[in-house]
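[1] Generate coordinates for the sequence data below:
(one chain, ligands or ions: 2)
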Amino acid sequence: MSAALTNIRAADDAAIANAARILRDGGLVAFPTETVYGLGADATNDRAVATIFAAKERPRFNPLIVHVPDVAAAERLIAFTPAARRLAERFWPGALTLVLPRQPDAKLSLLVSAGLDTVAVRVPSESVAQKLIAAAGVAIAAPSANASGEVSPTTAEHVRQSLRDKVDLILDGGPTRLGLESTVIGFENGKPVILRPGSIARATIEAVTGPLAQATDDKIASPGQLASHYAPDAKIHLNAMAAGPSEVLLAFGPATGATRNLSPSGDLEEAAANLFAMLRELDAMEPRAIAVMPIPDHGLGEAINDRLRRAAAPRGLRG
Ligand code: TXA
Ligand code: MG
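    Ligands and ions are numbered 1, 2, ... in the order given. Got it, this is the predicted structure:
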């Protein structure tokens, strides 16, 4: 119990150096990125990567994102196309994940791909993440640092509540700036498709790629993207205008009777940053249900509504 309470460290240089040692020794380190906290392991070490799945109790078939320092490091792991290179140049470092064919000689555990012949790679912009990757000297495989089926953590305390002593060290870099996972882009017949909406809005990506196609191959589009992946314990009522009896209200825009408000001014970026923390706070009140006001579907609203639909999906679909 006491170990569980003491494994959070402010992310100063000494703690980052210690974290890098733990990673090189095959341990698990939770660290902040600009999106959400990640649960990191040495991506070249099969045993360490297996530990991630065990800690999250995650279904094996869900592949992991590999975090690297720069485009050059990514090129050693995955085979870029010209379109992918344009996206990397525009959005890295940042909240974009690219899924591309694995290089034959990629120095990476096969487990990160969970049986696929592709790898998801991203270059995070957050300085703690950058320093940790540099200090570790290896690529870091990291899913969001929550137990499978829970909303992603946006603070070190969320990580502690979810994973306790299953993680060797939690680097505390404060609340994450964006609060929503990266946008995952894959390629079908060379054409970019959104595999998971996220912190970079569709229109921002389409400004580089032109109109994005709908992903058609379900196996590629959503390996392990269970319908209710982001579910809190409370039931969720979408598109509510007010809270019903024994319900709490998660508002958006000007509202009366809100228990929490994602953004009183109706700012979608503010709403994205608040979403997971507020869902946790409301869930902890143990209401009969969380009523959620409608969120417009443009910009970051697409990713916010994706997460809310998953949170509202019936329990039976949960992994
Ligand atoms: O912002 C983020 O993306 C965070 C931070 C820590 O980087 N990470 C994150 O990882 O959200 P995770 O494991 O919770 O979600 C990874 C997503 C999943 O939807 C997974 O199916 C998809 O990326 N993915 C990973 N590898 C893939 C692959 N080879 N092909 C298709 N999808 C893949
Ligand atoms: Mg996740």
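[2] residue boundaries of the helices in the stretch 201-319 of the chain?
    For the stretch 201-319 of the chain, the helices defined by DSSP state H, counting those that start in this stretch occupy 202-209, 218-221, 268-284, 301-312.
[3] Okay, angle between the third one and helix 301-312 too, please.
    For helix 268-284 against helix 301-312, the angle by axes from the mean of the first three to the mean of the last three C-alpha atoms, to 10 degrees is 10 degrees.
[4] returning to what we had before: quick one, which of the helices of the stretch 201-319 of the chain gets closest to ligand 1.
    Among those, helix 218-221 comes nearest to ligand 1, with 5.6 Å by C-beta to the nearest ligand atom. (C-beta placed from N, C-alpha, C; glycine too.)
[5] average pLDDT for the closest one?
    Helix 218-221 comes out with an average pLDDT of 55.
[6] now do stretch 188-204
    93.
[7] Show me which parts of that stretch are buried, residue by residue.
    By neighbour count on 16 or more other C-beta atoms under 10 Å, the buried set for stretch 188-204 is Pro192, Val193, Ile194, Leu195, Arg196, Pro197, Gly198, Ser199, Ile200, Ala201, Arg202.
[8] Return the member of those residues nearest to Glu157.
    Nearest to Glu157 out of those is Ser199 (C-beta to C-beta; 21.1 Å).
[9] Test my guess that the closest one contacts Thr33.
    No: look at Ser199 against Thr33 with C-beta atoms under 8 Å: they stay out of range, at 10.1 Å.
[10] Go ahead and flag the most central residue of the chain.
    Glu181 (3.6 Å; C-alpha atoms, centre = their mean).
[11] I figured it hits Val36, correct?
    Yes: using C-beta under 8 Å, Glu181 is in contact with Val36, at 5.7 Å.
[12] Report the set of residues contacting both of the two.
    Counting by C-beta atoms under 8 Å, 6 or more residues apart in numbering, the contacts common to Glu181 and Val36 are Ser144, Ser152.
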